[in-house]
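1. I'd like to go over a predicted model; first the sequence, then the structure.
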Amino acid sequence: MILTVDVGNTNIVYGLYKGPSLVSSWRTATSPYIFPKIMGNISKVIIASVVPAIDRKLAKDVKKHFHLVPRFITAADIPLIKVKLSDKKAIGADRVVNALAAYTLYNKPALIIDFGTATTFDYVSAKGEYLGGAIAPGITLARDTLHQRTAKLPSVPIAPPKRVVGRSTTEALQSGLVFGYVAMVEGMVWRIKKEMKAAKATVIATGGLAKLICKYTPVVDIIDSDLTLKGLRIIAES
């Protein structure tokens with residue numbers, strides 16, 4: 001079996017694959033880092049990490065538990081896709097892994113939206129070229145920053161209010177966080193498709209809040225919560 005690991009700024013997601021099937025998955029906090037109890041006959045471990053401070057500890061735990069040296073993926077060494085940017089080392093590996101998974105599994109060209117600590121938009125052409133994208137603050141990050149940097153705004157659950165025009169501070173915050181991000185998604189999808197001359201690009205959403213946000217917009221074609229793990233599995237088998 002293959003163990004895939006997606007190390008994000010907020011969470012680490014582990015996925016255990018037997019062939020193309022996801023057998024089990026685990027989600028833990030990135031900080032404090034705690035390696036989960038994972039059982040199985042694991043032959044490969046592949047990791048996409050955007051948190052360098054975790055990498056050494058994670059590699060040590062993989063070697064201790066499975067007697068394997070994990071493969072850390074970077075944007076510079078992802079097969080099956082061409083990264084058409086000059087500074088590949090600066091690109092988050094997860095973004096290109098997502099592009100690879102979208103290109104391999106779904107219709108091309110593709111636009112991927114990842115709702116994580118940051119909300120990212122990435123474009124892969126019909127020729128399998130990763131051409132870049134856009135990065136905005138993630139929804140949870142925006143909520144937390146508003147609470148921490150203002151005197152009177154509370155920390156609210158990220159949930160849709162009953163109306164767009166909030167009748168309370170809580171409703172107003174929830175409207176901005178949910179419907180504001182819906183509007184951003186719709187605007188960015190329109191702008192990217194126009195700029196890339198790709199009106200029929202498949203729009204794929206992933207990440208923890210994808211289902212909540214995409215419920216309120218028709219511009220997203222597919223929601224795939226395991227897109228990054230699937231991409232890592234494809235790379236491990238290539």
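-> Structure's in. What do you need?
2. what comes up buried for stretch 1-21?
-> Using 16 or more other CB atoms under 10 Å as the test for burial, stretch 1-21 gives 2-17. (Glycine included, C-beta is placed from N, CA and C.)
3. show me how this protein divides into domains.
-> 1-73, 81-225 (automatic domain parsing).
4. I'd like the next helix or strand past the helix or strand containing residue 122.
-> Using DSSP states H and E, residue 122 sits within strand 118-124. Next helix or strand after strand 118-124 toward the C-terminus (DSSP H and E): strand 129-137.
5. the inter-axis angle of that next one versus strand 118-124?
-> If you take axes from the mean of the first three to the mean of the last three CA atoms, to 10 degrees, strand 129-137 sits at 160 degrees to strand 118-124.
6. which strands and helices sit next to strand 129-137?
-> strand 82-83, helix 93-105, strand 118-124, helix 169-196 (3 or more CB pairs under 8 Å, 6 or more residues apart in numbering; DSSP states H and E).
7. right, and those - which one's nearest residue 161?
-> Closest to residue 161 of the helices and strands packed on strand 129-137, according to CB to CB: helix 169-196, at 4.1 Å.
8. dump the domains of the chain to CSV, plus mean pLDDT and distance to residue 236.
-> Converted to CSV, these look like this (pLDDT from 0 to 100; distance: least, CB to CB, whole Å):
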stretch, mean pLDDT, distance to residue 236
domain 1-73, 95, 4
domain 81-225, 96, 11
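9. now, of these, which is deepest in the fold?
-> Of the domains of the chain, the one with the most neighbours on average (mean count of other CB atoms under 10 Å) is domain 81-225, at a mean of 18.
10. how about the strands in this protein?
-> In the chain, the strands defined using DSSP state E lie at 2-7, 11-18, 21-29, 44-49, 71-73, 82-83, 110-115, 118-124, 129-137, 202-207, 222-223.
11. now these as CSV including distance to residue 151?
-> What follows is the strands of the chain, written out as CSV (distance: least, CB to CB, whole Å):
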stretch, distance to residue 151
strand 2-7, 35
strand 11-18, 30
strand 21-29, 29
strand 44-49, 37
strand 71-73, 43
strand 82-83, 44
strand 110-115, 28
strand 118-124, 26
strand 129-137, 20
strand 202-207, 31
strand 222-223, 37
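12. nearest to residue 154, of those?
-> Nearest to residue 154, of the strands of the chain and by CB to CB, is strand 129-137 at 18.5 Å.
13. the closest one: partners in the sheet, and parallel or antiparallel?
-> Sheet pairing of strand 129-137 (DSSP bridges) gives strand 82-83 (parallel), strand 118-124 (antiparallel).
14. for residue 137, find the nearest of those.
-> strand 118-124 (6.5 Å).
15. could you check how far the closest one is from the centre of its chain?
-> 8 Å (CA atoms, centre = their mean, to the nearest Å).
16. with stretch 193-212 instead?
-> Averaging C-alpha positions (CA atoms, centre = their mean) puts stretch 193-212 13 Å from its chain's average.
17. in CSV, list the C-alpha atoms belonging to it.
-> In CSV, the C-alpha atoms belonging to stretch 193-212 read as follows (Å, rounded to 0.1, in the frame of the first residue of the first chain):
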residue,chain,number,x,y,z
LYS,A,193,-11.2,31.7,-18.0
LYS,A,194,-11.2,35.0,-19.9
GLU,A,195,-7.5,35.5,-19.6
MET,A,196,-6.6,32.0,-20.6
LYS,A,197,-9.3,31.9,-23.3
ALA,A,198,-10.6,28.7,-21.8
ALA,A,199,-14.3,29.2,-21.4
LYS,A,200,-14.9,25.4,-21.1
ALA,A,201,-12.2,24.7,-18.5
THR,A,202,-13.3,22.2,-15.9
VAL,A,203,-13.5,23.9,-12.5
ILE,A,204,-12.5,21.6,-9.6
ALA,A,205,-12.7,22.5,-5.9
THR,A,206,-10.9,20.8,-3.1
GLY,A,207,-10.1,21.6,0.6
GLY,A,208,-11.9,21.6,3.8
LEU,A,209,-14.4,24.3,3.0
ALA,A,210,-15.1,23.5,-0.6
LYS,A,211,-18.5,21.9,0.0
LEU,A,212,-19.7,24.9,2.0
